[in-house]
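> A structural model of the following input is requested.
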Amino acid sequence: MPQRVTMATVARRAGVSPMTVSNVLKGKQSVSPELRSRVEAAVAETGYRFNATARTLRSGRSGVIGLLAPGSTSPFSYYGMLGGLIAQEARRHGLTLAMESPEPGREAEIGAIERARAMSYDGMIVTPLAMGPEDGPLLPQDFPVVVLGERPAPHGTAHISLPNHAGAFDATTHLLERGARRIALVSGRPGPEENVLTRRADGYREALAAWGPEAGAPVLIEVQELGPQAGREAVRAALAQGRRPDAYLGITDSVALGVMRGLADEGLRVPEDALAMGFDGIPEGEFSIPSLSTIRPDHAWIARRAVDLLLERMGSDAPAQLGGLELTAPHTVLPRESTGR
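Below is the predicted model of the structure:
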């Protein structure tokens, strides 16, 4: 009968302790590259398979956390980028991140959290599009949840939001400082509920008002969705109607990238004929031509704080009783070629 391969078998083959083998298998970054290579070689040579079920039974944890975020697998996705940073941070703590894009609707979001609990995830980071403060009691009280995003969070949860108002204020001020006086906000139409659109629109309008009459009145170029094609089509339609501002503030980087494409379609140059700026700091903006000026939230800070808050709740027998917490990410104005007059 073949001898059973255990973690101790791998440790003997690699010449390390079983704890070192465990740390390598959990993805912890504290192990040196040389020891990691020896352990990985020993795992391959022995054919060792990590028994996740046994670990769950022993520790009460699966080592898996979830991220529920809209469009996390789409091109030009802010949450796809942020998900990568959260996955790196999770690995630092020996955790694996499972990413999921929710179906639309409040029930679907709550159902996804319930499924994650049923699948023995250790906790979940959630970016809701429909859940609100009143839904706190509907969440599993024994399941750790941290909320990201712009909607008011369910009562009792830890919530990290982007600097939407302050960032849009700073972006608009940056365009004014570059000489723009007819700045259009390219965005979906803000609704009655507070969300990313309303907060960024408020920051834009307040910056114009703070600058004074020479800043001009607010102008909205409406998009039907927050993607590059929508930004492209909206700007081309506005130009066809004779609406030609001297600067465009995209509600997101992906919209702003579409704006620049639409201006190029019509023979207009950025920044010579009009300035353009985005918000979110997605990597694609650095490589566009011209490169896109943007508001860049501190994404590494968001990932680190989200995982730390989740770990804190994972260590509690009653995570829901830790109470609510509201944090806003820091940000920087990142000037690039699109505002480089």
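
> Could you check how far residue 9 is from residue 115?
In this view, residue 9 and residue 115 are 36 Å apart by Cβ to Cβ, to the nearest Å. (Each C-beta comes from the backbone N, C-alpha and C, glycine too.)

> How many neighbouring residues does residue 316 have?
12 (other Cβ atoms under 10 Å).

> Give me the pLDDT for it.
Per-residue confidence (pLDDT) for residue 316: 77.

> same thing with residue 71?
Reported pLDDT for residue 71: 58.

> What about residue 311? Give its phi and psi, please.
Taking degrees, to the nearest 10, you get phi -60, psi -40 for the backbone angles of residue 311.

> in the stretch 101-250 of the chain, which spans are helices?
106-118, 164-177, 196-211, 228-240 (DSSP state H, counting those that start in this stretch).

> In TSV: these, plus mean neighbour count, mean pLDDT and distance to residue 304.
Formatted as TSV, the helices of the stretch 101-250 of the chain follow (neighbours: other Cβ atoms under 10 Å; pLDDT from 0 to 100; distance: least, Cβ to Cβ, whole Å):
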stretch	mean neighbour count	mean pLDDT	distance to residue 304
helix 106-118	17	82	21
helix 164-177	22	97	19
helix 196-211	20	95	22
helix 228-240	20	97	29
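
> wait, which of the ones you listed is closest to residue 250?
Closest of the helices of the stretch 101-250 of the chain to residue 250 is helix 228-240, at 6.1 Å (criterion: Cβ to Cβ).

> How far does the closest one sit from its chain's centre?
26 Å (Cα atoms, centre = their mean, to the nearest Å).

> what element comes up after the least confident helix or strand in the chain by mean pLDDT heading to the C-terminus?
Ranked by mean pLDDT, DSSP states H and E, the weakest helix or strand in the chain is helix 52-59, scoring a mean of 51. The helix or strand immediately downstream of helix 52-59 is strand 64-68, counting by DSSP states H and E.

> quick one: contacts of that following strand?
79, 83, 86, 90, 95-102, 109, 112-113, 116, 120-128, 307, 310 (Cβ atoms under 8 Å, 6 or more residues apart in numbering).

> the inter-axis angle of that strand versus helix 106-118?
Here the directions of strand 64-68 and helix 106-118 differ by 170 degrees (axes from the mean of the first three to the mean of the last three Cα atoms, to 10 degrees).

> What is the subsequent helix or strand relative to strand 64-68?
According to DSSP H and E, the helix or strand after strand 64-68 is helix 78-92.

> between that next one and strand 64-68, how big is the angle?
Using the same axes, to 10 degrees: helix 78-92 against strand 64-68 is 170 degrees.

> and helix 78-92, how far out from the chain's middle?
For helix 78-92, the distance to the chain centre is 8 Å (Cα atoms, centre = their mean).

> now for the helix or strand just after that helix, which elements pack on it?
Per DSSP H and E, the first helix or strand lying C-terminal to helix 78-92 is strand 96-100. With contacts taken as 3 or more Cβ pairs under 8 Å, 6 or more residues apart in numbering; DSSP states H and E, strand 96-100 sits against strand 64-68, helix 78-92.

> ok, and for strand 96-100, which residues are buried?
For strand 96-100, burial by neighbour count (16 or more other Cβ atoms under 10 Å) applies to 96-97, 99-100.

> related to what we said a few turns ago, need the helices of the stretch 101-250 of the chain in TSV with distance to residue 143, can you?
Listed next are the helices of the stretch 101-250 of the chain as TSV, based on distance: least, Cβ to Cβ, whole Å:
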stretch	distance to residue 143
helix 106-118	4
helix 164-177	28
helix 196-211	26
helix 228-240	36
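
> between those helices, which gets nearest to residue 327?
Per Cβ to Cβ, nearest to residue 327 of the helices of the stretch 101-250 of the chain: helix 164-177, 13.5 Å.

> which outside residues touch that closest one?
150, 183, 196, 199-204, 206-208, 210-211, 215, 247, 249, 275, 277, 279, 293-295, 297, 328, 331, 333, 335, 339.

> Return the angle between stretch directions for that helix and helix 196-211.
Using the same axes, to 10 degrees: helix 164-177 against helix 196-211 is 40 degrees.

> how distant is helix 164-177 from the center of its chain?
Counting by Cα atoms, centre = their mean, helix 164-177 comes out at 20 Å from the chain centroid.

> can you check stretch 294-309 too?
That offset, for stretch 294-309, works out to 8 Å (Cα atoms, centre = their mean).

> Can you list the buried residues in it?
Going by 16+ other Cβ under 10 Å, stretch 294-309 has these buried residues: 294-299, 302-307, 309.

> quick one: average pLDDT of it?
95.

> Surely residue 261 touches residue 234?
No: contact criterion Cβ atoms under 8 Å: residue 261 and residue 234 do not qualify, at 11.4 Å.
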